[in-house]
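**Q** The sequence and its predicted three-dimensional model are supplied below.
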Amino acid sequence: MTTDLYILSGGAAQSWIASIQPAFEAKHDVRMHATFGAVGAMKQKLLDGAPCDLLILSRALINELMLTGHVEVNTDKDIGVVNTGVAVKDGAALPDVSTAEGLKQTLLNASGVFFPDPKLATAGIHFMKGMTELGVANLIKNKLYTFPNGNIAMRALADSKDMGGVGCTQETEIKFTPGVQWVGELPAGYELATVYCAGIAVGSENKQMGEALVGEFSNRG
């Protein structure tokens, strides 16, 4: 009999799950229900009582949720590291973001800057901090466009009519979105590599399938 597996996940893992889902569902006769978004928003969904068997969030949040009794202790497993970087629309010239000055000029020159929630999303929080440190956050505040997560931000960049837009989010979200292209990682001093971690939610009704899916992550190569 088909069972259900409920997942709350940061958007950075969406491409990982998409690559595994069809074969995993067929192999285990399970239906996966995955919700993706900013890690802070996914944490709040869990706390609000959303059905959840497996969480895929930043390592820091999984640690926090274990301490507060929401993730089963000793079920946590790191499943990947994701760099944060810059994107532009397909066909646009690739700006130089290899240095802090290059990134600063890229942002000043951009017609719009697309990125995830600066309060709840890992990449969005970090990027806003970086723009502030570069001294450009206030200068370009009228062309900052924020979205619930990086996938939505990149889709908005892809759909924009202006070729001068720039985006920033995690690499997996950029490369998962048709219509945008990866430019490069954030420069030294502003870089971010996020460890993503899986953990079984306390009260999970399908712990065995959650653990099996984590095993598939480990084997995906």
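**A** Yes, it's here. Numbering: from 1, shown residues only.

**Q** make it CA atoms for all contacts and neighbour counts henceforth
**A** Will do.

**Q** biggest strand in the protein, by residue count?
**A** strand 77-89 (DSSP state E).

**Q** The helix or strand following it to strand 77-89, inter-axis angle?
**A** Next helix or strand after strand 77-89 toward the C-terminus (DSSP states H and E): helix 100-109. Angle, helix 100-109 to strand 77-89, by axes from the mean of the first three to the mean of the last three Cα atoms, to 10 degrees: 60 degrees.

**Q** Strand partners (parallel or antiparallel) of the very next helix or strand once past helix 100-109?
**A** The C-terminal neighbour of helix 100-109 among helices and strands, as given by DSSP H and E, is strand 112-116. Sheet pairing of strand 112-116 (DSSP bridges) gives strand 144-147 (parallel), strand 165-170 (parallel).

**Q** For strand 112-116, buried residues please.
**A** For strand 112-116, burial by neighbour count (16 or more other Cα atoms under 10 Å) applies to 112-116.

**Q** Could you do stretch 158-176 as well?
**A** 158, 163-176.

**Q** Please identify the buried residues of stretch 183-191?
**A** Going by 16+ other Cα under 10 Å, stretch 183-191 has these buried residues: 183-187, 190.

**Q** Would you mind giving these as a markdown table with distance to A12, secondary structure and pLDDT added?
**A** A markdown table is the format used below for the buried residues of stretch 183-191 (distance: Cα to Cα, whole Å; DSSP: H, G, I helix; E, B strand; the rest coil; pLDDT from 0 to 100):
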| residue | distance to A12 | secondary structure | pLDDT |
| --- | --- | --- | --- |
| V183 | 17 | strand | 98 |
| G184 | 16 | strand | 97 |
| E185 | 15 | strand | 97 |
| L186 | 16 | coil | 98 |
| P187 | 20 | coil | 97 |
| Y190 | 19 | coil | 97 |
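
**Q** Just checking, which helix or strand of this structure averages the lowest pLDDT?
**A** Lowest by mean pLDDT, DSSP states H and E among the helices and strands of the chain is helix 207-218, with a mean of 90.

**Q** what is the orientation angle of that one with strand 77-89?
**A** 60 degrees.

**Q** Show me which positions of helix 207-218 end up buried.
**A** 207, 209-211, 213-214, 217.

**Q** What of stretch 119-130?
**A** Buried-residue list, stretch 119-130, by 16+ other Cα under 10 Å: 120-124, 126-128, 130.

**Q** between those, which is nearest A198?
**A** When the buried residues of stretch 119-130 are compared for distance to A198 (Cα to Cα), T122 wins out at 15.9 Å.

**Q** what sits against the closest one?
**A** By Cα atoms under 8 Å, 6 or more residues apart in numbering, T122 lies in contact with 38-39, 58.

**Q** now the residues you listed as JSON lines including pLDDT?
**A** Supplementary listing: the contacts of T122 in JSON lines, determined by pLDDT from 0 to 100:
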{"residue": "A38", "pLDDT": "92"}
{"residue": "V39", "pLDDT": "93"}
{"residue": "S58", "pLDDT": "95"}
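
**Q** In helices only, show me the residues you listed.
**A** Counting by DSSP state H, these place V39 in helices.

**Q** which of the contacts of T122 has the most neighbours?
**A** Per-residue neighbour counts (other Cα atoms under 10 Å) across the contacts of T122 peak at A38, which has 27 neighbours.
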